[in-house]
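Chemist: Turn this into a structure:
(2 chains)
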Amino acid sequence: MKNTVKEIVQTAAKKAFDTGMLPCDQMPEMEIEAPKHASQGDLSTNFAMVSAGIQKMPPKKIAHTIVAAMEHAAFIEKVEVAGPGFINFFLQPSAWHPKVDQILAQDIGYGSSNFGRNEPVQVEFVSANPTGPLHVGHGRGAAVGDAVGNILAFAGFKVSKEYYINDSGRQIKTLGTSVWFRLLEISGRRGDFPDDCYKGEYIRDLARQVLERQGPDFVNQSDEAGIAVCARYAAQQILEGIRRDLAAFGVIFDKWFSEQSLYDSGRLAETLADLQAKDLVYEKDGALWFRTRDFGDEKDRVVVRSNKMTTYFASDIAYHQEKFERGFHRVIDVWGADHHGYINRMAASVVALGKSRDQFQVILVQLVNLLRGGSPVQMSTRAGEFVTLKDIVDEVGIDAARFMFLSRSYDSGLDFDLEVAKQKSSDNPVYYVQYVHARIAGILSKALDRNLVEDNDFTRGKNLSHLVEPEEINLIKILAGFPEQVEKSAATCHPHVIFTYLMSLASAFHAYYNRHKVITEDIALSGARLSLVLAVKKVIRNGLALLGVSAPERM
RNA sequence: GCGCCUGUAGCUCAGCUGGAUAGAGCAACGGACUUCUAAUCCGUAGGCCGCAGGUUCGAAUCCUGCCAGGCGCGCCA
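Modeler: The predicted structure is shown next:
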């Protein structure tokens, strides 16, 4: 539709030039968009305004010249010049009808595109250390990462979702130490629990499990041996728990990548040798420094400490090299906002090792403010007291949780109120949208019960010429905008674009529903309206699926 | 001190690759169920778009400087 209008404008401009009405035949890039107000028509272009400089004429005059030169098209009701020089097109209602056919035919594919040209993209998210259960912040990261992956895939990218497991290094040792000392404490051996260890109740549970499996003599082990056993067991158990909680949250990864494997395979050593060979590192104070400053970082960073231990940064460099070697053109990391200080050095390492800056992208997710009935939920990570992702999913449900996490731009902090997310009312946006789907399902089953439609085959619209009400045309216009919104969401990696879209579609549907009956004595009209609402149902379902939210047939 | 994010209606936020009259939900007030689900709808009211400059035919949107809040600035992860 937009392209058709664009061609009409361009043809008119050319004709105006040929007949001497315009001095120049240059065609600047114009926009065709749906104006905000109905009084401004169905589609609008700023062609005259962006041409003003080239044509050396006032925008309004150009607009009138274009309109005068314009061919009459059957689907256009009228054309107006308005405001500073917009050309507004008012379309016949029938111009919108084929869209319904298209949506019904494309079904689950409606909204998808080849925008990404099958470009391989990796989205890495959550990647929480296996030292404790996932909390609210991880939940937002999981919802965002998963939705971004879904949206990119729908827009034609070849997406792989990945979780990086930090199963090496100090925090795992700390985990082992924590469990070991709790175990000794439970056995009455020692009470001097170290201050820098994890204090959560889950550590006590793990200690009990280790004791049970190893038997009472286990406490006679040396600290070193005990810690090692505890570390291995605890990390594995916690990782299993994380996997389970994410699956229960509807998040399935294509790959789980172990940090330890970078050591075991020699990949990390290879990367360090590569850095040496390329003179990207130097020694100072007994440590090995990466010249990240030469690539946009504020300062150089240590990759090997003076005690010969590699840093977390070192394995991260190797990991990101490995990602690109696997063939991804673009690598997207979803991080919590508290890690933003890490972006420059990571980007520097990517660029230093031969990739361009835009092949590495970080989605920085701002913090979540957990509330209950308007007041903050007290949490202390130090004392190990926090609300876990599992707690939240158990309390409010997966759909409400995900929808809430995706309701705002991740650039903004998010207030997540457990009471609101639980409410089955208009306060809760997830039901507002899901209700549309359920309502339409209800209409459909009634229509089938009463044999008001000849069959259940709506792979194309029926009697669409009967759709003439303003609310109906408005609905189709919104439905027609879905692919564009998906593309925008994919281009910006912002899932809340889909959220906002679904809210506006739901609003338009509820308004229509309250004003017009779908099923009436008029069989032909009923068929037309069923076609329309069925198209709405499909778009709602497709949109919710991108966010990982279900579309219920009944509520 | 430096860096990133944010500042829009009483509250929570969209709109930010510049366009016409700045939108939605909640809260407030007034209405609509004999109907395909009222988990809904309709209406009213509510705005120096943090402040000050600049660029532009045109700025909530871009640039600069302030102000306020959040987060970060380790040979931690």
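
Chemist: center of chain A, which residue is that?
Modeler: The residue at the geometric middle of chain A, judged as the C-alpha nearest the mean C-alpha position with Cα atoms, centre = their mean, is A:Val148 (2.8 Å).

Chemist: Give me the secondary structure label for that residue.
Modeler: Taken by DSSP: H, G, I helix; E, B strand; the rest coil, the conformation at A:Val148 corresponds to helix.

Chemist: Skipping its backbone neighbours, what lies nearest it in space?
Modeler: A:Cys493 (5.2 Å; Cβ to Cβ, 6 or more residues apart in numbering). No exception for glycine: its C-beta is placed from N, CA and C like everyone else's.

Chemist: From A:Ala490, how far off is the residue nearest to the centre of chain A?
Modeler: Using Cβ to Cβ, to the nearest Å, one gets 8 Å for the distance from A:Val148 to A:Ala490.

Chemist: Which is the succeeding secondary structure element to the one helix or strand A:Val497 maps to?
Modeler: A:Val497 is located in helix A:496-515, with elements delineated by DSSP states H and E. Scanning the chain past helix A:496-515 towards its C-terminal end, the next helix or strand to appear is helix A:523-547 (assignment: DSSP H and E).

Chemist: What angle do helix A:496-515 and that following helix make with each other?
Modeler: Computed with axes from the mean of the first three to the mean of the last three Cα atoms, to 10 degrees, the direction of helix A:523-547 lies at 160 degrees from that of helix A:496-515.

Chemist: pLDDT of helix A:523-547, averaged?
Modeler: Rounded to a whole number, the mean pLDDT of helix A:523-547 is 95.

Chemist: and what of stretch A:27-42?
Modeler: Confidence for stretch A:27-42, expressed as mean pLDDT, is 84.

Chemist: chain center to that stretch: distance?
Modeler: Taking Cα atoms, centre = their mean, to the nearest Å, one finds the center of stretch A:27-42 at 28 Å from the center of the full chain.

Chemist: Would you indicate which residues of it are buried?
Modeler: Buried positions in stretch A:27-42, judged by neighbour count with 16 or more other Cβ atoms under 10 Å: A:Met27, A:Met30, A:Ile32, A:Ala34, A:Pro35, A:Gln40, A:Gly41, A:Asp42.

Chemist: wouldn't the last one be in contact with A:Ile476 here?
Modeler: No. Counting by Cβ atoms under 8 Å, A:Asp42 stays clear of A:Ile476, with 10.5 Å between them.

Chemist: How about the contacts made by A:Asp254?
Modeler: For A:Asp254, the contact set (Cβ atoms under 8 Å, 6 or more residues apart in numbering) comprises A:Ser160, A:Lys161, A:Glu162.

Chemist: how close does the second one get to A:Phe89?
Modeler: Per Cβ to Cβ, A:Lys161 is found 42 Å from A:Phe89.

Chemist: cool, and A:Ile343?
Modeler: A:Ile343 sits 44 Å away from A:Phe89, taking Cβ to Cβ as the criterion.

Chemist: just to revisit the earlier point, check which helices and strands the helix holding A:Val497 sits against.
Modeler: Taking 3 or more Cβ pairs under 8 Å, 6 or more residues apart in numbering; DSSP states H and E as the contact definition, the neighbouring helices and strands of helix A:496-515 are helix A:429-449, helix A:470-480, helix A:482-492, helix A:523-547.

Chemist: pLDDT of that helix, averaged?
Modeler: So the average pLDDT for helix A:496-515 ends up being 95.

Chemist: So which bits of that helix are buried?
Modeler: Buried residues in helix A:496-515 (16+ other Cβ under 10 Å): A:496-502, A:505-506, A:508-509, A:512-513.

Chemist: what subset of these is also close to RNA strand B?
Modeler: Residues shared between the buried residues of helix A:496-515 and the neighbourhood of RNA strand B are A:His496, A:Val497, A:Thr500, A:Tyr513 [Cβ under 7 Å from any atom of the strand].

Chemist: give me the number of residues near the residue lying closest to A:Thr19 once chain neighbours are set aside?
Modeler: Excluding the flanking residues, the one nearest A:Thr19 by Cβ to Cβ, 6+ apart is A:Ala69, at 7.2 Å. A count of nearby residues for A:Ala69, using other Cβ atoms under 10 Å, gives 19.

Chemist: How about A:Gln359?
Modeler: Here the neighbour count serves as a burial measure; for A:Gln359 (other Cβ under 10 Å) it reads 19.

Chemist: What score does it have for pLDDT?
Modeler: What the model reports for A:Gln359 is a pLDDT of 94.

Chemist: what bridges to the closest residue to it other than its chain neighbours?
Modeler: In space, A:Gln359 comes closest to A:Arg330 once its chain neighbours are excluded; the distance is 5.4 Å by Cβ to Cβ, 6+ apart. Per DSSP bridges, the residues bridged to A:Arg330 are A:Val121.

Chemist: So for A:Lys161 and A:Phe89, which sits in the more crowded spot?
Modeler: Neighbours were tallied for A:Lys161 and for A:Phe89 using other Cβ under 10 Å; the higher tally belongs to A:Phe89 (26 against 21).

Chemist: So what's the residue count around the residue nearest to the more buried one when sequence neighbours are not counted?
Modeler: Nearest residue to A:Phe89, sequence neighbours excluded (Cβ to Cβ, 6+ apart): A:Leu43, at 4.6 Å. Summarising burial for A:Leu43: neighbours were counted as other Cβ under 10 Å, giving 22.
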